[in-house]
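> dropping a prediction and its sequence here:
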Amino acid sequence: MRHLRELITQLQLSDIALKQGELMCRHTSFQIGGPVAVMVFPANARQMQTIFALAAEYRIHPMLLGAGSNMLAPDEGLDTLMVETRTNMKEISLLEPGVISADCGVTLARLAAFAAENGLTGLEFAHGIPGTVGGGIYMNAGAYGGELSQVLLSATVMNRRGEISELPLEELDLGYRHSRFMEENLVILSAKVRLQPGDPEAIRARMAELMGKRKASQPLEYPSAGSTFKRPATGYAAALIEEAGLKGLTVGGAQVSKKHAGFVINTGRATAKDVLKLMEQVQQRVKEHSGVVLEPEVRILEVT
């Protein structure tokens, strides 16, 4: 793609860190995915503006990548521009008592740990979530009764024209695994959360308790993207999959976890095609067994 080659040259002249042919399997928790044409690693909002301005000039639509913890990338790779935020956009600070500011690339685990270090409670649920602040807001990440929407104050965003603004919580349309960012071309740059003072020892104990529950019930020893399917209107995806007798169902290197039926895991050398075929089989057999149509929670990237 001539425009992409020209864009790469301009990015290099702008001193923005980039890699050509970087494998997506190095950037996804599934450890699956082929090479991307170019991956850039912006360090701040100004570089984000430069990247998106250049991309617009060459009529290229960038894709965003945080920790890749809820993403399935294609085996064939992606002929596009991938903007990776986790490497360099990771500033975090205490703005005022109870208010933390964090860049989009800060992991939720680090954000929870930072809160604990400052004696702030409200983010214990996020300690074991493998995603970033940006990805967490995108899908309103949550666990064990907690969600980001419960502590989020605002998000600083950029539109595709490079204009930056701060949106309050009420304008983010956060719901169960949903936000306005799924429908709009807005880039999350950073966020502010408001927490309450708490006992540091009690906060750490709660985080340890929840991590213990995760290790006991989830197949953390295998690469995966967490919960593969969204919670349906009635019941739970994992229970419906287990009731259909699908624990351990395998396609190639992909398997429905024997430990937690809600997880599709990479047992070794799984391809994106393996995972997709397995997901399709699970959806079909759950529908036959219970009549429920499971909707993927994993974001499936398509070959460009």
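Okay, I see it.
> which parts of the stretch 51-200 of the chain are helices?
108-117, 133-138, 200-217 (DSSP state H, counting those that start in this stretch).
> please save the CA atoms from the second one in PDB.
Extracted as PDB, the C-alpha positions of helix 133-138 are listed here (Å, rounded to 0.1, in the frame of the first residue of the first chain):
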ATOM      1  CA  VAL A 133      -7.200   2.100  31.500                       C
ATOM      2  CA  GLY A 134      -8.100   2.900  27.900                       C
ATOM      3  CA  GLY A 135      -9.400  -0.600  27.100                       C
ATOM      4  CA  GLY A 136     -11.100  -0.800  30.500                       C
ATOM      5  CA  ILE A 137     -13.100   2.400  29.800                       C
ATOM      6  CA  TYR A 138     -13.800   1.200  26.200                       C
END
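> most tightly packed of the helices of the stretch 51-200 of the chain?
Highest mean neighbour count among the helices of the stretch 51-200 of the chain (mean count of other C-beta atoms under 10 Å): helix 133-138, with a mean of 28. In this view, the C-beta of every residue, glycine as well, is placed from N, C-alpha and C.
> contacting residues around that one?
64, 66-67, 69-70, 85, 102-108, 111, 126, 129, 141, 148, 152, 155, 172, 174, 179, 181-182, 188-191 (C-beta atoms under 8 Å, 6 or more residues apart in numbering).
> now those residues: which count as buried?
Among the contacts of helix 133-138, those classed as buried by 16 or more other C-beta atoms under 10 Å are 64, 66-67, 69-70, 85, 102-108, 111, 126, 129, 141, 148, 152, 155, 172, 174, 179, 181, 188-191.
> can you give me the strands in the stretch 201-304 of the chain?
224-227, 250-251, 254-256, 263-266, 299-300 (DSSP state E, counting those that start in this stretch).
> who does the last one pair up with?
Within its sheet, and counting by DSSP bridges, strand 299-300 is paired with strand 71-72 (parallel).
> what's the average pLDDT for the partner strand?
Strand 71-72 shows an average pLDDT of 96 in the prediction.
> repeat that for stretch 271-282.
What stretch 271-282 shows for mean pLDDT is 98.
> which residues touch the spatially closest residue to Asn266 that is not a sequence neighbour?
Once flanking residues are discounted, Asn266 sits nearest to Pro223: 4.1 Å by C-beta to C-beta, 6 or more residues apart in numbering. Shown in contact with Pro223 (C-beta under 8 Å, 6+ apart): 29-32, 265-266, 270.
> with Ala102 instead?
Contacts of Ala102 (C-beta under 8 Å, 6+ apart): 91-93, 111, 114, 133, 190-193.
> hmm, try it at 7 Å
Residues in contact with Ala102 (C-beta atoms under 7 Å, 6 or more residues apart in numbering) are 92, 111, 133, 190-191.
> name the nearest of those residues relative to Gly198.
Proximity of these to Gly198 was ranked by C-beta to C-beta; the top entry is Leu111 with 15.1 Å.
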